[in-house]
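Q: Please find the sequence and the predicted model below.
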Amino acid sequence: MPRTLAEIALDAGLVSKADAARAGRLAEQRGEPLIAILVRDLGVDEVVLLGAIRRVTRTPVADPGEVRPELGALGELTRETCRRLRVLPLSVSVDGAGARIMRLAMADPTDGAAIAEVEHVTGCEIEVTLLPLSAVEELAEEGYRAQSTSVLPRKRRFGEDLAPTTQLHSRPPSHHGEETVEVPATVPHHVVSDEADAALRVRALVHVLVAKGLISEEDYEESVKDLLKRRSEEP
């Protein structure tokens, strides 16, 4: 039967039973992976823990200095999902049978729930590569920053793409025998977003940016707090 992360840490003498139980409770309360609690809250040495995990699971280990996530692989998951699960998509390939295979870096290959979620979201079969927790977090942030820089389109002025449509109609002939003249009439192009107020448009924009992984909810909240603070400090 596969060993759990708590059992691996216990067997390696990295935590006591009491600490392992406390870590489990904290992980459940916060909705965070257990490995993040062990390293961040209990101070377990992530390199030593990685070695213990490697010995038990036989998962291949990657050199953090050599890891270069593919932008296409990063596009399979949002930045927020990677932050929450502590995972990093490295590459996506197709095998001879046509199945999509994702090479996924993570600090805890025993986290079956995280692997199952990635499989469900991406439709890929998962091959896990082991990396220290700090490397997973740092490389994910660097990768998504690079992705944002490379895919952001040219900024356009609001309404730039809205083109009026025209149709011709006849001006009624005059009583003096003038020819009927075709006069172009401009008909405004209807846009659904025109019916929404500014607040709803902003909410929709933030939702799209978060869904595409270009910003996170935390980034948005911090920006709002900063603007409110500046407004309160204005004379």
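A: Good, I have the coordinates.
Q: what about this structure, any weak spots by pLDDT?
A: Applying pLDDT under 70 to the chain flags residues 150-214, 220, 224, 226-235.
Q: That one: strands as residue ranges?
A: For the chain, the strands defined by DSSP state E cover 87-94, 100-106, 125-130, 165-170, 182-187.
Q: Pull out the buried positions in the second one.
A: Neighbour counts using 16 or more other CB atoms under 10 Å place M102, R103, L104, A105, M106 of strand 100-106 among the buried residues. Using the backbone N, CA and C atoms, a C-beta is placed for each residue, glycine as well.
Q: now the angle from the lengthiest helix in the chain to strand 100-106?
A: Looking across the chain with DSSP state H, the single longest helix is helix 133-151. Regarding helix 133-151 and strand 100-106, their directions subtend 130 degrees when assessed with axes from the mean of the first three to the mean of the last three CA atoms, to 10 degrees.
Q: Show me which positions of helix 133-151 end up buried.
A: For helix 133-151, using 16+ other CB under 10 Å, the buried residues are L133, A135, V136, E137, L139, A140, G143, Y144, Q147, S148.
Q: Distance of the closest residue to the second one other than its chain neighbours relative to L85?
A: Translated: A135. Once flanking residues are discounted, A135 sits nearest to P64: 3.9 Å by CB to CB, 6 or more residues apart in numbering. Going from P64 to L85 by CB to CB, to the nearest Å gives 18 Å.
Q: between the two, who's got more neighbours?
A: Counted by other CB atoms under 10 Å, P64 and L85 do not tie: L85 has more neighbours, with 24 against 14.
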